[in-house]
Each structure stands twice: as C-alpha cells, then as structure tokens.
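Colleague: My questions concern the predicted model and sequence given below.
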Protein chains: 2
Amino acid sequence: MIKDSIIKLESFNYSPYQILQKKRDGIALSKAEIEWFVSSYTSGDIPDYQMAALLMAIYLRGMNVEETKFLTDAMLYSGKVLDFADQKVIDKHSTGGVGDKTSFILGPIAAACGVKVPMIAGRGLGHTGGTVDKIECIENFNTSLSLEELKHNLEKINIVLIGQTKDIAPADKKIYALRDVTATVESIPLITASIMSKKLAEGTSGIVMDIKTGSGAFMKNLKEAKALAKSIRNTALRFNKNIITMLTDMNQPLGNAVGNSLEIIECIETLKGKGPKDLTDLSLSLAGGMIYLAGLAKNLDAGIKMAKESIKNKNALEKFRELIIAQGGSGDYIDDYTKFPVAKNVMEIKAQKSGYINQIDGIGIGLSLVDLGGGRKKSTDKIDYSVGIIVHKKIGDKVIKGHPIASLYYHSHQQVMAQEICYKYQQEYVVIKSKIPQHISPLIIETKIDWSK
Amino acid sequence: MIKDSIIKLESFNYSPYQILQKKRDGIALSKAEIEWFVSSYTSGDIPDYQMAALLMAIYLRGMNVEETKFLTDAMLYSGKVLDFADQKVIDKHSTGGVGDKTSFILGPIAAACGVKVPMIAGRGLGHTGGTVDKIECIENFNTSLSLEELKHNLEKINIVLIGQTKDIAPADKKIYALRDVTATVESIPLITASIMSKKLAEGTSGIVMDIKTGSGAFMKNLKEAKALAKSIRNTALRFNKNIITMLTDMNQPLGNAVGNSLEIIECIETLKGKGPKDLTDLSLSLAGGMIYLAGLAKNLDAGIKMAKESIKNKNALEKFRELIIAQGGSGDYIDDYTKFPVAKNVMEIKAQKSGYINQIDGIGIGLSLVDLGGGRKKSTDKIDYSVGIIVHKKIGDKVIKGHPIASLYYHSHQQVMAQEICYKYQQEYVVIKSKIPQHISPLIIETKIDWSK
C-alpha cells in the first residue's frame, strides 16, 4: 500500500539563479525545473533565501495550471504517498476558520455510512485552532499512529485521525514555514500545492473541499475563494481525483463554541442532533458530498439524506465513540461531559445595547482564545484545552441590552484578562445595530462537483 | 571630516512581515520602514530569507523616487560617511564592462587639472575585472589605505585609489551578495541605491556616472540604461550632489586590452597620447565632466580641452606616476613595461574569412580571461595579472582571412585552453560579414548634466 515514492533525481544541470530569473520574468517553469528546485530545497541544497525569492516571484507572477500541478507533484513526492485504490476512501479539507470543527462530525457520519475516512490533520497556529489539538482534549487520544496503524484502523472501523507526519509531504512543511515569514501565504498556486500535496498523499479517490470566504477566512472575498476553488478542482482532476468544492461563509465563527474542549462537546451534541443549525447543516452537506463521491449515494442530496439518517439512528455518534476508543481514549466522553477539562470560571458577556447583531469578528475571538492559552502564538506553545468562548448570538440575531451574548470560560488567575476580553467583545468584536443586516451570506455559497472520469 | 553616522534607531515596533506585505502589494514604504529593515538586516536581526523576499518584491514592484532615496540613505548611513565640503572633490563611477579601464586615465587627468579624486573601487567577479585588481599588477601598490590616509593623499597629490572598506556602506556589501544569488541584480532602484550609497559616502560634491549599455553591459538596452541614468540623477539631486550621466556603448570591449597588466600598460600608453581612440575619447569626456563639475572649466567642452592638454603636456602621465609612488609602487612602471608581469606565450588569433567585424562578444572574452586565471569565478580566487587578450580589430574594421584579429597571452601549461579560446574567438566571439554593419553605436550616446542648485 505504501509506495516509497521519494523522487531520486538525476543530477540535472539546473541553476537556482536561472530558475529564479525565469519565474521573476513571468516565464512558466518546466516540470523538471520545479521538481529540481523543490527537491533541492527539501534536501537543504538550496538555501532558504533562494526559496524565499522564488516564493515571492510566484506570489507576484503566479503559476499556470500546469505549473501548479508540477509543484503539487514535486511536493507530494517529497514524501511517502499512500494508495488505497478504493473508491470509498474519501477525505475532506477545510481552508480553516474560527470555530471550524466539522471534521469531528462529518468524519463519524461518513464512516457510519460506509465511507473510509483517513484524516491526517494539522495543529493550530494563530487565530485558528487545529483539529489534532482539539481532539487531544480527550485524555490518551493518540494522534501519532504510524501509516500502517492508520491503514489498520481504516479497514477496521472506517475512520482514523492522525497528525501530520514527517513522512507526508515534508517539502510542504518546510515551504509552509518559510511562506509564513515571507508574506507569501495568500497565493493561489502555493495554497493549492500545499493543500493538495498533503491530501493527495493520503491516497483517497476523492476529496471534499470546504473553502471558507469572508472576514474570518484566508480568502477575504468571493472572487479569490472562487479562484482557489477552481485551482484546486483543476489540480485534483489532473491527478485523477474526484472533487467537490463548497464555498462556505466565514464571516462569523462556525457553530457557537470556540476553544478545544468546548468545541468537542459541541460536536458530540451535534452528533446527538442537538447542535447549532449552521454547524449541523454544513457538516451534513460536506458528509453528504463524501458519501456521494464514495459511490454510496446516487447524488449529493441522497448523500445528505443518508448523513441525516446516521444522526437520527445514532450510528454516527457511536462511530465517534468507536474512533475515540480505537485511538486510546475512553468512550465515556460521549455521555459524560464532566470528563472534559473545562475552566471553572464563566463570565457572561452582555449586550451593551438592544438591536440586531450585524457583525462578529471571528479573528478577534480566535486571538482572544490564544491570549487565554487555548491557542498558539508560536509552534512550541502548549495548549490549554479548558478555556474558551461560547457565542450565544450570531449575525442577524436580536439582542436585548444587558442580556448575555456570549460566555467566557477562564481560570481564576485570568480575571483581568477576562474582563479585557469581555470589553473588547462588547466594543469591537460585535457590532449591534438597530436594523437587521441587509445581506446575510448563505452558509453554502456555491457547490461544484467534478468527476475525474 | 569623518562623521560616524551609523544610525542609532529607536526600537520601532515594525514587523518584517508587514513591510514585506506592503511592498508585495505595491504600496510605497516609509523612510522609517526602509531604515528599520536595512539596519535590522545589516545587524543580523532580519534573516537572509526575509531580505531575499523583499528584494524580489522590490524587483517586481519597483520603488518610487522617494523610496529609492530612503533606501540609498539607509545603506549610506549603515557605515561611515566622509564629507570633504570641497567643490573640487569629484568622483566617477562606471556600471562596468569588459576592458573598462578609464579610471586609470581620467583619474590622473582630472587630478593633474586640479580636481580632487578619491577613488574607492571594487574587485572583479565574473566577466568584468575590478579596478583594484588591475592596479595591483604593480608590485607593492597598496590599496588598503585607511580613510585618514586617503584624506592625506588626496590633499597632497589630488588623487588616491583604495579598495572597498568595511567602513563604507556595509549594508550594500551584504545586500549585494544576496542580490547576486537571488536574481535581483538588474533592478533600477536596487542598482541606484547600491551605487549611490557607496559614492555618496565618499563625500564628493559631484559625480560623473558612466552608464554602459549594450550586449556586454548590465543594461542591455538603451531604455533600461536611460531609466537607470534618470534614477541616479534623481537620487544625486536629492542628496544635493551635482551629477553628469553619460550613456556609453558597451557592445564590444573598451580599448583593445583585456587582462590586468595588459590593461594598465594600455592606460599608460593612452596617457602618453598613444592609446586606442575609443578609450582615449571616453576617458577625455569623463575627465572633462569631472573638471567641469569641480568648477575648473566653464563648460563640458572646456573641461575636455583641459583634459587633452594634460595629456599633451604629460602632466596626467606624471600624475599617474605620483599616484603609484604615493601608494608604495615604483614609478619606473611608467617607462619600463617589462616590469609588468606578462605571460610569455602569445597566440595570434586569425580571421577565418575576409570581411568586416560585425559583432564582438565582450562577455565571452571576459569569461575566457577568467578561464585563463585573469579573473575570478568565486570571490576567494587569486588573480593572475599576466594573462590576457589584445583585440586588434573592432566593430566596423576590415579584416583579411588569415590575418591576426587578436592576440592571446597565456602560460605554457595552458596550450590546450589557449587553443580552445582561439577557436571560440574565431567561431563565436567575433562575427565577420561581407558588409560593414548597418548601424554602429556612437561611443557616447547621451550626456545629461544636473546641478543640484
């Protein structure tokens, strides 16, 4: 199953300078040039400063569909590539946002419906949390399985959730760290290659891609988000993968909970049929897409119907319990939320005036979570699973002066910080106006489905 | 005289990321942002990869006149800045080319006419030779004078020639090395800041700038050369320096000699009134410009006339002898060329057919000199002063099949290499056609003079 596909390159006579010059001048790079540059950078033969110059040149000059495919390919084959050769193996990826926790809902749903879901997820940095960090609020949940263990669990219970391993797309890891400090993150070919090199390495037959757009997303506007969706579809098709892209709203946190334990509890509630409407609807749609791509439903709507059924009959909830147990945790978390670490102090954040919520600053809320210790400022920071924020009122909701709009979970020693966050939430994070906002973005803005054959 | 003007910056709250983002998005940087980035890079607080990304962003987004001035300023004040406060202190700079040796001619001419000429020159790398390397073919010539010794010699004999010191514009040294490996050399604001930060640090009241254009120059086409000339004039004026820019032809080597000893001998011949016409004419024009800027002639033509006179009356020749003696060499080199190290073997390169020289590849000739050991492949290489090439026939000259068009000076053990160079010279470096070339570029294409007040 695991092909050791690290490319052994012949000693080409390329010069980093000439490749930099080409891209700088807007000339498309060849497959061999891109492969050579990426593999030489990954091996340390090309230094950071030359890759930094190339990344900026790519940011400003772009890459065509072919080049993006070559870059993805070079990053993909910098590490191990799985190949399940099974149409039922499907994964989902999200470009990320505050409160985005759909993996813990759609994963169990899809797995309960017969999809095989090999989730290889990241950790959080800055204002967005990481899937792996969140699940680790469950004691003893082991996200460091080997690729062989991954395969075993996938066959046994249809679902597995592990962290990034150094075996998968190591080039991406190194390049991403450099993009992060050279202002070259928001580039469509670079984002495409970064996402797709990791997802393709998982050996799925299809991918459901949740592309967030709005104030709390990487892609602030719809035009950019659509361009990224198109680039991802193009790249998926060139690798013979079936692909669904959904452009979804990230103008406010998804669901209500922001913070590791609080988010997992909200996911379990959602699997019990008692989750917030936006989180439930989006999870069902994404899961429905996975079921459809796996060939288990005749269309997307039929897939969504199966997803709903799996919540109603508790199969998805029990699948989540199975996942926790299979990876070393206790199944009791599903029934007993007191097992989760949750901070003891709760501060009610109250509306400063009556009216309608017009805006919520998800990034502000995400950064406040980081301040509380629930996220990372630097990659070596430890996560405090117990702190967080529950957003009670979302965009369009009516609020009454003095009534709670959010709750803050914090530790006794954080009293001053909690008051500061409360103040910022009231004054900056939330905009209350007398009228309901004229336009409220739909949750799912656009869905596109492409079959590779 | 020497102001220790290294900027002591307050601890600003700038982030390299935000500055990169701004320039990436085409927004002009502020004086404080540019100063902070350059000084942090020079001190090592900003790593190479962030400067590399900024250089590529500057390359692709450009810099306006203000930003270029700020960048020059930041690089200038990264080191010591001389200030002679004397209108007669004038220097010349050339953007470089194969066979470019005018400094050794115009320096003595201008000094003989009363101009004070503080030459701080570079070493060679790649296809162009360095002024400091060339003069060192004279035994014991010391180019490592202190800035105080520079001042003393300038007052005593009007002329001094030293190498780059680490005191002058250290930021430029570090940035230039990075540009050289990140394909960001040919950027007009970056070239302007690099040249001007060094030249302004010399504390001259005016500068004559020889901007080469053509196949053997950095600026291959006239449009780019004109843009660089304009950028340099703009920057000079903002620093209250008088400036003359001359766009001059570099479609073939300047003069006939290429190689360290051979070039210095050619310069002495030129000072004796027996030099090649192109080298003589250009040196006289540049020296005339220096004399004019120093206020010693009423216009450029009058300056050129004084320059010619200094050759006729041997004053310039004797000034060169004074320079050599003042810096530790023997004055006998002027009269006795056998003192120069010159390789014993001479190979005549003969025309393969009759006709007219239509093209000469100066870069090819320069690289052949490097192969022979007369130039550097890497900065630690030692120079062999004795090897070289004399070009007998230039563009437009009539040649007869079997007659010599060039002579190669080499060592006995280099027989095979010499034959290879001879072959390449005949087959590649020189294009002989039956007709005289339709257009021969004038030696001096454009002269612009700007007084700062």
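Modeller: Looks like it came in fine.

Colleague: before we move on, what SS does the closest residue to A:Lys377 other than its chain neighbours have?
Modeller: Leaving aside its chain neighbours, A:Lys377 sits nearest to A:Val370 (6.1 Å; criterion: Cβ to Cβ, 6 or more residues apart in numbering or on different chains). The C-beta positions use only the backbone N, C-alpha and C, and glycine is treated the same way. The three-state assignment at A:Val370 reads helix, by DSSP: H, G, I helix; E, B strand; the rest coil.

Colleague: Just the pLDDT at A:Val370, thanks.
Modeller: As summarised for this prediction, A:Val370 has a pLDDT of 93.

Colleague: Do I have it right that it meets A:Gly126?
Modeller: Yes: counting by Cβ atoms under 8 Å, A:Val370 touches A:Gly126, with 7.1 Å between them.

Colleague: hey, what's in contact with both of these two?
Modeller: A:Arg376, A:Lys377 (Cβ atoms under 8 Å, 6 or more residues apart in numbering or on different chains).

Colleague: For these two, work out which one has more neighbours and name it.
Modeller: A direct count of neighbours by other Cβ atoms under 10 Å in any protein chain shown for A:Val370 and A:Gly126 places A:Val370 higher, at 19 against 15.

Colleague: Please report how far the more buried one lies from A:Met119.
Modeller: For A:Val370, the distance to A:Met119 equals 24 Å [Cβ to Cβ, to the nearest Å].

Colleague: Equivalent analysis for A:Lys305, please.
Modeller: Between A:Lys305 and A:Met119 the computed distance is 23 Å (Cβ to Cβ).

Colleague: Please apply the same query to A:Asn64.
Modeller: 31 Å.

Colleague: what about the two, which has more around it?
Modeller: Between A:Asn64 and A:Met119, counted using other Cβ under 10 Å, the more crowded position is A:Met119 (25 against 12).

Colleague: Endpoints of stretch A:381-396, how far apart?
Modeller: Separation of the first and last residues of stretch A:381-396 by Cα to Cα, to the nearest Å is 36 Å.

Colleague: sorry, that was for stretch A:145-164
Modeller: Span of stretch A:145-164 from end to end, Cα to Cα: 10 Å.

Colleague: Wait, A:Val387 touches A:Leu369, no?
Modeller: Yes: the criterion here is Cβ under 8 Å, and A:Val387 meets it with A:Leu369 at 6.9 Å.

Colleague: How about the residues of the stretch 1-150 of chain A by chain B?
Modeller: Taking Cβ under 8 Å from any Cβ of the partner chain as the criterion, the stretch 1-150 of chain A approaches chain B at residues A:16-17, A:20-21, A:24, A:47-53, A:55-57, A:59-61.

Colleague: Filter these down to just the buried residues.
Modeller: Using 16 or more other Cβ atoms under 10 Å in any protein chain shown as the burial test, those include A:16, A:20-21, A:24, A:47-53, A:55-57, A:59-61 as buried.

Colleague: Spit out the contact partners of A:Met250.
Modeller: A:Gly97, A:Val98, A:Asp100, A:Lys212, A:Thr213, A:Gly214, A:Ser215, A:Gly216, A:Ala217, A:Gly362.

Colleague: For burial, what's the neighbour tally of the last one?
Modeller: When you say that, I think you mean A:Gly362. Other residues close to A:Gly362 by other Cβ under 10 Å number 27.

Colleague: got the phi/psi numbers for it?
Modeller: Main-chain dihedrals, A:Gly362, degrees, to the nearest 10: phi -60, psi -40.

Colleague: Give me the secondary structure label for A:Ile405.
Modeller: At A:Ile405 the chain is in strand, as set by three-state DSSP.

Colleague: so it makes contact with A:Lys353?
Modeller: No: in this structure, A:Ile405 is not within contact of A:Lys353 by Cβ under 8 Å, at 10.8 Å.

Colleague: show me what contacts the residue nearest the centre of chain A?
Modeller: Centroid check for chain A by Cα atoms, centre = their mean gives A:Ser94 as the closest residue, at 3.7 Å. By Cβ under 8 Å, 6+ apart, the contact list for A:Ser94 reads A:Asp100, A:Thr102, A:Ser103, A:Met209, A:Asp210, A:Ile211, A:Lys212.

Colleague: pLDDT weak spots in the stretch 51-200 of chain A?
Modeller: A:125 (pLDDT under 70).

Colleague: any chance you could map the strands in it?
Modeller: For the stretch 51-200 of chain A, the strands defined by DSSP state E, counting those that start in this stretch cover A:81-82, A:90-94, A:117-121, A:159-163.

Colleague: Give me the contacts around stretch A:400-415.
Modeller: A:259, A:262, A:342-354, A:357, A:372, A:386-393, A:399, A:417-418, A:421-422, A:425, A:430.
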